[in-house]
Each structure stands twice: as structure tokens, then as C-alpha cells.
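Asks: kindly generate the corresponding structure for this input.
(chains A, B, C and D)
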2 protein chains.
Amino acid sequence: MSVEMTEIQKKILEFLIEQKVSRGMPPTLAEIAKNFGYKNRATVQQHLQAIERKGFIKRNHRLSRGIELTIEDKFFIPRPVLGEVAAGNPLVIYPDAIDSIELPTIARMPKDSFLLRVKGDSLKDAYIFSGDIVIVNPNIPPKNGQIVAAILDDAALVKRFYKKRNEIELVSENPEYKPITIDKKYQNFRIVGIVIGIYRSMEKKAG
Amino acid sequence: MSVEMTEIQKKILEFLIEQKVSRGMPPTLAEIAKNFGYKNRATVQQHLQAIERKGFIKRNHRLSRGIELTIEDKFFIPRPVLGEVAAGNPLVIYPDAIDSIELPTIARMPKDSFLLRVKGDSLKDAYIFSGDIVIVNPNIPPKNGQIVAAILDDAALVKRFYKKRNEIELVSENPEYKPITIDKKYQNFRIVGIVIGIYRSMEKKAG
DNA sequence: TATGTTACCATACATCTGTATGGTAATTTT
DNA sequence: AAAATTACCATACAGATGTATGGTAACATA
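Replies: Alright, predicted model coming up:
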């Protein structure tokens, strides 16, 4: 597994993992082709052969969906953690991955979702704690009461979301932190996504 | 799901589950036919239609291997309690336990780690809540203070572990539940493994 | 300059896959 | 006795699926 993967091969492997986890089975060549906009299954076939040559998958020839992930034998899949996010006071989001954690394969990671590590204890009553990894889905518009990750003035935070008439309120459930109210027209505010899951490792190695 | 299944339908459903767990994906009609000695896929098709009519599976039409198991959670497959615990592959629901957990078929998963769903709130102060999925490693001997999954008299518990001179103490961090003390020689007690991580999906309890 | 690698395309083909229809036989229900 | 259900079979078919071959273009390497 020491061979290097091209960018496209990495993306295809990621897609294989994502499909396996979310749909419960590997995709067909046609499904892969459709996802990447290929007009042709032969293109996919060639990529899969390259990925197999490099040892990341094993193919059961002539069998539909016969793609086995050799890394998927693991219970945990390494995923990049994109940044640290403050549940209480805003922290800076890191541009590139700051860390990598082993996420259990059961944890659902829909397309485009990413991981953030929480610091601070303002969401204590929402059962999210400092050190937890939150899984953020950027593709779902938030509903009232949901926990969202947001960027406010170049800092990132995780709080409960409430939409009001002309403003948005972000609430910590820890009474030590006061709610933040933002005018809807305020430019330097953006909802990053909603928190769809959390993962916590009991081992104390990662801090 | 109250409709009655014929014996053959039960066997086919079992095969679907077994294949899903062991091979990672549902079988094709041809594979089912081969397993049961049918010379014909149409026979399988008719059985699958009957099983779907009774609500145990959902089929994605015209999609290869498009058989979804509607049973429970996809991860957790309920089985009757008696006799199965000692069998080594415990696929059991413990309905009356204070902190009941469900042992999934994924007990056969790689690295022997498996998943349990927590019910009850005795570990509230350990930040583990009803509905959370804990990841259990059975191969590590527990240390004092670690959270373990254990079986006591046909009930399953998730609690903090403390070893004393002649006995073992299992402590809930919720003061409403008193610590349980077990003599080390007691037969009907077994440590299943230590909890190495937890995962929680937010989608069900937004708001 | 020649060679190889990567990343696509088009066409083609045997086989697989799900589905449909119609038939036989045994058993159960009405 | 008639009707329905269950459990198979054979045949057929459109479309999906994996695979093979040959081609183009961009780029890096020797």
C-alpha cells in the first residue's frame, strides 16, 4: 500500500468508501461513471484496475459490484479533521487539515461533509463536549433548534440555531455563554452546515 | 411486520441477512437461486415479492442487488434471547435491563470490535446517552475507571468498571442508579469488552 | 526525440440481472 | 368441490454489467 495514488484515483476510492458506507454496497462501474461524469465505463474500469494494482481494492471479476475495499477491513477509516471549532468562544478555522482521526465506518459521512473538533463546553447540555468530533453536512439548510457550525467574523462556532424575523440567534446551552444575535444581512456570517453526528474516542491519546 | 412468513421465506430472509453481513452486499437473484438449488431466478423473484409484501425487505427495482433489509436498524437484528448468549455469537436483545444494549450481527466484524446501542440514562454523567452507539473492543482487559460492556444474569450493562479485592464494582455515574457489586467468582457475569468510542447520529433528535 | 503514464473517448460483446408470462403440482382454505 | 396459496419450472427479453480493443490528447521522463 506504499504506492502513490493520483488525485482522481483518490477521489474514486473515496467514492467507493462513501457508497459502501451510505448505501451498504459497492457501486457498479456505470454508477461510478455517472457520478464523475464519464460517458464510458471503460474509463472507470481503467481507474479501478490502477487502484487494484496499487492494492487499495480487490476485484471479484465478472461479478456485479464486485469491488472489495482492502482498507475497509478496518473498523476505522482515517479522515481529515478540517479545523477546530469553538462551542463557546469562536476559534479560527484552519485552512488545511490539522489532524486526522480514525472514524468508525458506521459513522455516516454523506458527500461533502467534513469533521471538526470541538473545544469549549458551551454545548454541554446538548451532550457535546470538548474534544468531540462533530460531523458537519453543508448541504442541508438548518431548521430551528438544530445544532449548526457557522463562521462569524472569520471564526468558527458550533451552536444551536434559531431563525427569527430579521435576525438569527445562536444559542449555547451552557448558561455561562450568552446567546449571539446576528442581523440576517450581516455579511461576515455564514452557516457552514448542520451537525449530523458526533464521534468521541475514549482513548486519551488524542487531545 | 406482523404478517406470517413461510419457512422458505424465513430461510431466504436469513440468507439475505447472512450475505449482507458476511459479504457486505445483498445477493443477486441468481446467487439466491444457486444457494437454494433453484434452477430458476423467477422462483426467487416470487419469494422476494412475497417477503417484500410482508414488509421485511424493500426492493429497488431494476437495480442489481437492490434488496434492502427493513429490519430494525440495518445494524441490529433482533433474535430471541434464550440460549444464544452462551453460543458465542450473541444476537440478543435484553428488554428489561436498566441499560439494555443490542448485540448486533456485526459481532463478526473485523478486529472483533462490535457495536452496541445504549438504552437508559445511567451513564449520563459519563456523557453517554440513550440511543448512542458504543464501540466495544473485547480484546483489551479493562482497567479501573474504564467504561465496560458486561453481561450479568442475561442482562447487558454499560458501566464504569472498578476492580476490588474479591469483587467487581460496576458504577453508574447517574446517582439515581446504585453501584452493582459482583463477587469475582460469580458465574453469570462476564465482561464483554471495553468501550473505546461512541458515535451518535443527530438526525433523529433534532430540536 | 522517443517512450511511458495518465485520462479520457467510442464501439463492441458475452454474460448477468431483474422482470414478465405461462404452466404444473401439492396443499390449504373456503 | 372450487378457489386460493405456495412452491417450483421453462422460456423470453430489455437493459445492465464487466470486459476488451483501439484511438486521441496532454504531460512527464529518459
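
Asks: does chain B sit close to the biggest strand by length in chain A?
Replies: In chain A, assigned by DSSP state E, the strand with the most residues is strand A:189-201. Yes. Using C-beta under 8 Å from any C-beta of the partner chain, strand A:189-201 reaches chain B at A:194, A:195, A:196, A:197, A:198, A:199, A:200, A:201. Every residue, glycine included, has its C-beta placed from N, CA and C.

Asks: buried sites along that strand?
Replies: By 16 or more other C-beta atoms under 10 Å in any protein chain shown, the buried positions in strand A:189-201 come out as A:189, A:191, A:192, A:193, A:194, A:195, A:196, A:197, A:198, A:199, A:200, A:201.

Asks: got the residues of strand A:189-201 next to chain B as TSV, with pLDDT and distance to residue A:33 columns?
Replies: Converted to TSV, the residues of strand A:189-201 next to chain B look like this (pLDDT from 0 to 100; distance: C-beta to C-beta, whole Å):
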residue	pLDDT	distance to residue A:33
A:194	85	31
A:195	85	33
A:196	82	28
A:197	80	30
A:198	80	35
A:199	80	32
A:200	79	38
A:201	76	37
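
Asks: out of these, who's nearest DNA strand D?
Replies: Among these, residue A:196 lies closest to DNA strand D (C-beta to the nearest atom of the strand), at 28.2 Å.

Asks: residue ranges with poor pLDDT in chain A?
Replies: Applying pLDDT under 70 to chain A flags the ranges A:1-3, A:21, A:71-114, A:120-126, A:154-156, A:203-207.

Asks: quick check: residues of chain A near DNA strand D?
Replies: Residues of chain A that fall close to DNA strand D, judged by C-beta under 7 Å from any atom of the strand: A:28-31, A:40-42, A:45, A:48, A:59, A:61-66.

Asks: got a PyMOL select line for the buried ones in these?
Replies: Those of the residues of chain A next to DNA strand D that count as buried under 16+ other C-beta under 10 Å are selected in PyMOL with:
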select buried, chain A and resi 28+29+31+41+48+64+65
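
Asks: out of the residues of chain A next to DNA strand D, which sit inside strands?
Replies: Among these, the members that lie in strands (by DSSP E) are residue A:59.

Asks: the residues of chain A next to DNA strand D in helices, which ones?
Replies: If you go by DSSP state H, the residues of chain A next to DNA strand D have A:29, A:30, A:31, A:41, A:42, A:45, A:48 in helices.

Asks: nearest to residue A:146 among those residues?
Replies: residue A:31 (30.8 Å; C-beta to C-beta).

Asks: how close does the closest one get to residue A:25?
Replies: Taking C-beta to C-beta, to the nearest Å as the measure, residue A:31 falls 10 Å from residue A:25.

Asks: next one: residue A:196
Replies: Residue A:196 is 22 Å from residue A:25, by C-beta to C-beta.

Asks: between the residues of chain A next to DNA strand D, which is nearest residue B:173?
Replies: Using C-beta to C-beta, these come closest to residue B:173 at residue A:65, 44.8 Å.

Asks: on that earlier part again, among the residues of chain A next to DNA strand D, which are within reach of chain B?
Replies: Counting by C-beta under 8 Å from any C-beta, the members of the residues of chain A next to DNA strand D near chain B are A:28, A:64, A:65.
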